[in-house]
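**Q** Got a predicted model here, sequence first, then my questions.
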Amino acid sequence: MRSKSLLFTLWSLLLMSIGSLVVFLFNVNPFEMQLLPRVVFYFTLFLFLSALTTLTGFYARVGFSNREIVFSILPLALRQGIFFGFGITLILFLQRLRILSWWDVGLLFAILLLLELY
């Protein structure tokens with residue numbers, strides 16, 4: 001029952017973050033934002049990317065595994081989704097500060113790969 005409630009929470013989080021991003025994108029001017037709206041935007045983007053990647057990875061693994069052990073896949077998909085969401089959000093934040101280069105992306109990719117392999 002724990003895994004079903006986690007899946008329900010992930011779907012709810014995905015829908016709420018989509019709604020929040022849509023409202024945010026249509027109602028906030030990005031050139032006049034203060035610190036708090038930027039933090040809220042990046043946090044919402046992180047939640048959206050993490051939930052979307054987690055659910056996509058989970059259902060892809062369920063489809064390829066012939067539905068044998070379904071809910072043992074969920075922690076793996078959640079960890080990878082959080083790593084992906086953090087990586088993309090950090091890349092967009094660095095791009096906003098105009099300090100992103102391909103070296104930074106490669107280093108971030110290497111760090112996340114080492115974290116996943118550990």
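**A** Perfect, thanks for sending it.

**Q** For the rest of this, base every contact and every neighbour count on C-alpha atoms.
**A** OK.

**Q** Pick out the residue closest to the middle of the protein.
**A** When Cα atoms, centre = their mean is applied to the chain, the residue found nearest the centroid is Ser50 (2.2 Å).

**Q** which strands and helices sit next to the helix or strand harbouring it?
**A** Using DSSP states H and E, Ser50 maps to helix 35-64. If contacts are counted by 3 or more Cα pairs under 8 Å, 6 or more residues apart in numbering; DSSP states H and E, helix 35-64 sits against helix 2-27, helix 74-96.

**Q** Would you mind finding the most buried of these?
**A** Stretch with highest mean neighbour count among the helices and strands packed on helix 35-64: helix 74-96 (a mean of 18; mean count of other Cα atoms under 10 Å).

**Q** Mind giving me the packing neighbours of that helix?
**A** Against helix 74-96 (3+ Cα pairs under 8 Å, 6+ apart) you get helix 35-64, helix 102-117.

**Q** Would you reformat these as TSV and include distance to Asn27 and mean pLDDT?
**A** Formatted as TSV, the helices and strands packed on helix 74-96 follow (distance: least, Cα to Cα, whole Å; pLDDT from 0 to 100):
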stretch	distance to Asn27	mean pLDDT
helix 35-64	11	93
helix 102-117	31	92
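
**Q** Quick one: distance of stretch 85-96 to the chain centre.
**A** 11 Å (Cα atoms, centre = their mean, to the nearest Å).

**Q** Give me the contact list for it.
**A** Applying Cα atoms under 8 Å, 6 or more residues apart in numbering, the contact partners of stretch 85-96 are 42, 45-50, 53, 100, 105, 108-109, 112.

**Q** likewise stretch 24-33?
**A** Phe41.

**Q** For that stretch, measure first residue to last.
**A** 11 Å (Cα to Cα, to the nearest Å).

**Q** Do me a favour and get the end-to-end distance for stretch 24-34?
**A** First-to-last residue span, stretch 24-34, Cα to Cα: 13 Å.
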